[in-house]
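**Student:** The sequence and its predicted three-dimensional model are supplied below.
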Amino acid sequence: MTRSIRDGNRWPSLKESLQAGLWSGFLTGLILASAESLTVLLGAGPFLADNRFFLEAVALNGLSGALLGGLLAPLVLALVSFISKKEQNAVATLFPLYLSGGLLLEFLVYLLDRSDYGGRNAASWRTIGLVFLGAAVCFVLALGLRYGITPFLTPKGPSLHSPRRTWPKMCAAVGLVIGLGFVFWCCGRIAAAAEASLIRAKRGAWKGAAPNLILLVVDSLRADHMSSNGYQLPTSPALDLLAENGAAFPSAVAASSWTLPAHASLFTGLYPSSHGAYSHYSALGPEFPTLAEVVARSGYYALSVYANPLLGTATGLDRGFDRALGVGNRQKTSLTLTRLYRKLLRGGSTSEEILNISLRWIARCRKLNVPYFIFLNVLETHAPYSPKEPFFREFCRDLPQEQVQWNLIRQLTDGRASRRERQAVLSRFREMDFIALSRLYDSNIRFIDQKIQTWTEALKSLGELDRSLLVVTSDHGEFLGEHGQLGHGSGELYDPVLRIPLIFHFPPRVAARNDRRLISQVDILPSILFLLRLDDRIPAGIQGANLFSGHGQKPVLAEFWDDRGRRFVRALYAENLKLIREGDEDVGLYDPIKDPQEEMNLVRSQPDDAARLAEELERILASSRRPESSPDKKKLKAIERLLKSLGYIK
């Protein structure tokens, strides 16, 4: 054996280093696999973290840990030998370093996942402080392990340069797997018992006639950029097919221009000023029944899987769901290694994970023989956009590249830029830049559409596509430079930020049709409950109407609360006109049919029409409940962090 001498101690041989590294890395992988499996089990539930999940985690993390540990061992041991002249045990040296380092990496990935969406607070002092705190805890853990396990290894066995025999270590590893597996199995039995009790209650409330329900929200998706609505590019072939075979409403209008009030309206059938969740710092109150609460009480096993962090506990939008999982924001729903592989090597997204989770929930519900409600929120079409290939290249093929200011587009789509900074960049755009920005947005539509196609094919193969009510919509639209605006979440209530797609796909009860009535987001809840044969449970006092009852055109309202000005900005669609009011002042009157770009303001030329629509608006408001939006002081800081991460506030 080759030996090198340095200050009275020899360097470890390559064979010795590799053997010690393999075992230390392998043991570290087993422990991390067990910790991750328990985290998923407790956070997401047994439908994701079953025994197969645990075995896959042990195999993947164990082998990956052994491989990485063996590769790093020569370098680590050489560094330890250089720093310390004292003879040390190989496993006692490597194992604490690997385990503490692995935990630190897990913590860093968790922080990256929570900041996965980007935003200006991704590198905040709070995040930096958490990183240093995590590093300090792992350093203390490494020291504790180092000095705690050394007495058990040093007297009996090898020094830094003499690994122990293989068989004892193999037996120890097998024993560790069995022990960790037993702990996981026990936790799984407890979780399964709790679930079984819940399912018994579900079956007792189940009528036995209503179909399953899947509600998919593609965040920030504009209706006019779908190819089924006449858009020039093939952005949405999968959604087009659903629209062709279902009831499509291409003239649907969002209740607000940003996530919180729009989703609250979707879930309650009420306009923002009626449900109260319209301020940046508000939450949906428990006095308003939600779609999830209604169907859960009717026997459905309800799951919410969302990418937008505003749909969690802080805002009250997870109320009524039996499981609410914030993928990439709150709960851990997959192994770190598989998540990193999808993100870094395959260019995957949380959307793919969200859609796959829904398939696991369906399989679980089929096994338990219980109907399900699945709400899905995906963020592909929400700013900041990234070019999705090969679609972006295809969509830009006809653009003169030399006329596009790509550097400005990159600045504009930087998630760390503030709204003011983005507006400054937007002011420097030329015509071709706006077209390129639109193609960038389109590539994201095509990307998520492809994922939806794969997902619907999986639903079809399971026999669930045609026997489940599938509703596809968006919470609001998106400005792409129109009216000098970008993104959403402002009081500029023009059609690019309000017109959303809406598709009901359910062949047994929904005939294929293209319904061009102007309808509202608040109409979705009563329509869903009607199709589920739960129309007797539609909450009293809602402002939405059943789209399948044959009613004609009715006024449609959209609202935005200006926190600074302490006033509402409202848009009312009525009599083939659209009125925009800021507080008590009429600021815009448009004819959506003759002027779809909303460039001709008719307030001054048609004052009688403006006055008539203003009276209609006052009548609607007078007939509805109007609670004050009061923020929950306990959740204020949490909501503020979420708003910063999404770019709504600085």
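**Tutor:** Here it is on my side, so go on. Residues are numbered from 1 along each chain as shown.
**Student:** okay, CA-based contacts and neighbour counts for the rest of this
**Tutor:** Fine.
**Student:** Run through who's touching the helix or strand harbouring residue 302.
**Tutor:** Taking DSSP states H and E as the definition, one finds residue 302 inside strand 301-306. For strand 301-306, contacts defined as CA atoms under 8 Å, 6 or more residues apart in numbering pick out 199, 202, 292, 295-296, 318, 320-327, 354, 357-358, 361, 365, 370-378.
**Student:** Separate out the buried members of these.
**Tutor:** The neighbour count (16 or more other CA atoms under 10 Å) marks 199, 202, 292, 295-296, 318, 320-327, 354, 357-358, 361, 365, 370-378 as buried among these.
**Student:** Narrow those to those in strands?
**Tutor:** Judged by DSSP state E, strands contain the following of the buried ones among the contacts of strand 301-306: 323, 324, 325, 326, 372, 373, 374, 375, 376, 377, 378.
**Student:** For the top helix by length along the chain, enumerate the helices and strands it packs against.
**Tutor:** Criterion DSSP state H: the longest helix present in the chain is helix 166-205. Contacts defined by 3 or more CA pairs under 8 Å, 6 or more residues apart in numbering; DSSP states H and E place helix 166-205 against helix 14-43, helix 51-83, helix 291-297.
**Student:** Okay, now the unreliable bits of the protein?
**Tutor:** For the chain, the stretches with pLDDT under 70 are 1-12, 83-88, 112-127, 145-170, 172-173, 328-330, 345-348, 415-418, 625-650.
**Student:** dump the residue contacts of residue 262.
**Tutor:** 254, 255, 256, 272, 475, 476, 521.
**Student:** hmm, 6 Å instead?
**Tutor:** By CA atoms under 6 Å, 6 or more residues apart in numbering, the residues touching residue 262 are 255, 256, 475.
**Student:** out of these, which is most surrounded?
**Tutor:** residue 256 (34 neighbours; other CA atoms under 10 Å).
**Student:** Verify the assumption that that residue is located in a strand.
**Tutor:** No: counting by DSSP: H, G, I helix; E, B strand; the rest coil, residue 256 is not part of a strand but coil.
**Student:** doesn't residue 559 make contact with it?
**Tutor:** Yes: at 5.0 Å, residue 256 and residue 559 qualify as touching, with contact defined as CA atoms under 6 Å.
**Student:** For residue 283, grab phi and psi.
**Tutor:** Backbone torsions for residue 283, taken as degrees, to the nearest 10, come to phi -140, psi 160.
**Student:** circling back to that earlier point, how about the contacts of residue 262 in a markdown table, adding distance to residue 44?
**Tutor:** Shown next, in a markdown table, are the contacts of residue 262 (distance: CA to CA, whole Å):
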| residue | distance to residue 44 |
| --- | --- |
| 255 | 31 |
| 256 | 31 |
| 475 | 25 |
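**Student:** For residue 56, state which of those is nearest.
**Tutor:** Lowest distance from residue 56 to the contacts of residue 262 (CA to CA) belongs to residue 475, with 36.9 Å.
**Student:** SS state for the closest one?
**Tutor:** Three-state call for residue 475 (three-state DSSP): coil.
**Student:** so what's it up against?
**Tutor:** Residue 475 touches 219, 262, counting by CA under 6 Å, 6+ apart.
**Student:** how close does it sit to residue 171?
**Tutor:** Distance from residue 475 to residue 171, counting by CA to CA, to the nearest Å: 55 Å.
**Student:** cool, residue 223 as well?
**Tutor:** Separation of residue 223 from residue 171 (CA to CA): 61 Å.
**Student:** name the element the spatially closest residue to residue 533 that is not a sequence neighbour belongs to?
**Tutor:** Using CA to CA, 6 or more residues apart in numbering and skipping residues adjacent in sequence, the residue nearest residue 533 is residue 210, 5.8 Å away. Counting by DSSP H and E, there is no helix or strand that carries residue 210.
**Student:** what does residue 573 give?
**Tutor:** Residue 573 belongs to strand 567-574, assigned by DSSP H and E.
**Student:** Please name every helix or strand in contact with that strand.
**Tutor:** Here strand 567-574 touches strand 556-562, strand 577-582, going by 3 or more CA pairs under 6 Å, 6 or more residues apart in numbering; DSSP states H and E.
**Student:** One more pass at 8 Å, please.
**Tutor:** strand 556-562, strand 577-582, helix 607-622.
**Student:** Tell me what angle the longest one forms with strand 577-582.
**Tutor:** Read that as helix 607-622. Counting by axes from the mean of the first three to the mean of the last three CA atoms, to 10 degrees, helix 607-622 lies at 70 degrees to strand 577-582.
**Student:** got a list of contacts for helix 607-622?
**Tutor:** So helix 607-622 is contacted by 572, 574, 579, 586, 589, 603 (CA under 8 Å, 6+ apart).
**Student:** The closest residue to the last one other than its chain neighbours: neighbour count?
**Tutor:** Spelled out, it's residue 603. Excluding its sequence neighbours, the residue lying closest to residue 603 (CA to CA, 6+ apart) is residue 589, at 5.0 Å. Residue 589 has 27 neighbouring residues, counting by other CA under 10 Å.
**Student:** and residue 102, that's in a helix?
**Tutor:** Yes: according to three-state DSSP, residue 102 belongs to a helix.
**Student:** give me every residue that touches it.
**Tutor:** Residue 102 makes contacts with 28, 32, as judged by CA under 8 Å, 6+ apart.
**Student:** Try it again at 10 Å.
**Tutor:** Residues counted as contacts of residue 102 (CA atoms under 10 Å, 6 or more residues apart in numbering) are 25, 28, 29, 31, 32, 65, 96, 108, 138.
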